[in-house]
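**Student:** how would this look folded up:
(one chain, ligands or ions: 1)
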Amino acid sequence: MGRKGDKMNFEKLLDFVNLEDKRLRNLYGNYPDEEKRILARMVKLTEEVGELSEEVLSHLKLQRKEKIQSNKNELSNEFADVIITTLLLAKSLRVDIKEALNDKIKIINERY
Ligand SMILES: [Mg+2]
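**Tutor:** Predicted structure coming up:
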């Protein structure tokens, strides 16, 4: 992952999330139960949504001048952070995200 022009697909993303989950478990240790990890990941997702919000505000030049540092790369990075963090949280909660997305896409498509 990472090289410009590399193809991204959902399986590859989920493989990365599984690997990252293992690496994070090694880094932060195994909690006696999953509750702490789930709560930490929920807080982390909120943090990443905040960072994305900041980039969107910068992109739209809706921040104070001294705060604006619009950078297309940073905007893209923050979208990626939100998606990866969301998938890590779903994994901790044993949510089958592929099934969840398939079901939701079906529901949305049926609206039209
Ligand atoms: Mg971030």
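**Student:** Quick check, the residue in the protein closest to the ion?
**Tutor:** Proximity of the chain to the ion (C-beta to the ion) peaks at Asp81, 3.7 Å away. Where C-beta positions appear, they are placed from N, C-alpha and C, glycine not excepted.
**Student:** give the contact list for that residue.
**Tutor:** 48, 51-52 (C-beta atoms under 8 Å, 6 or more residues apart in numbering).
**Student:** Show only the entries of these found in helices.
**Tutor:** Applying DSSP state H to the contacts of Asp81, the entries found in helices are 48, 51-52.
**Student:** ok, of those residues, which come out buried?
**Tutor:** Buried members of the ones in helices among the contacts of Asp81, counted by 16 or more other C-beta atoms under 10 Å: 48, 52.
**Student:** What parts of this structure come near the ion?
**Tutor:** Applying C-beta under 5 Å from the ion, we find that the chain lies next to the ion at 48, 51, 81.
**Student:** Excluding chain neighbours, what is closest to the second one?
**Tutor:** What it means is Glu51. Once flanking residues are discounted, Glu51 sits nearest to Glu78: 5.0 Å by C-beta to C-beta, 6 or more residues apart in numbering.
**Student:** Excluding residues flanking it in the chain, which one is nearest Val56?
**Tutor:** In space, Val56 is closest to Leu75, 7.2 Å off (C-beta to C-beta, 6+ apart).
**Student:** How about the contacts made by that neighbour?
**Tutor:** The neighbourhood of Leu75, defined by C-beta under 8 Å, 6+ apart, consists of 52, 55-56, 58-59.
**Student:** same deal with Glu54?
**Tutor:** Glu54 makes contacts with 63, 78, as judged by C-beta under 8 Å, 6+ apart.
**Student:** Give the helix, strand or coil label for it.
**Tutor:** Recorded secondary structure, Glu54: helix (DSSP: H, G, I helix; E, B strand; the rest coil).
**Student:** Cheers, nothing more for now.
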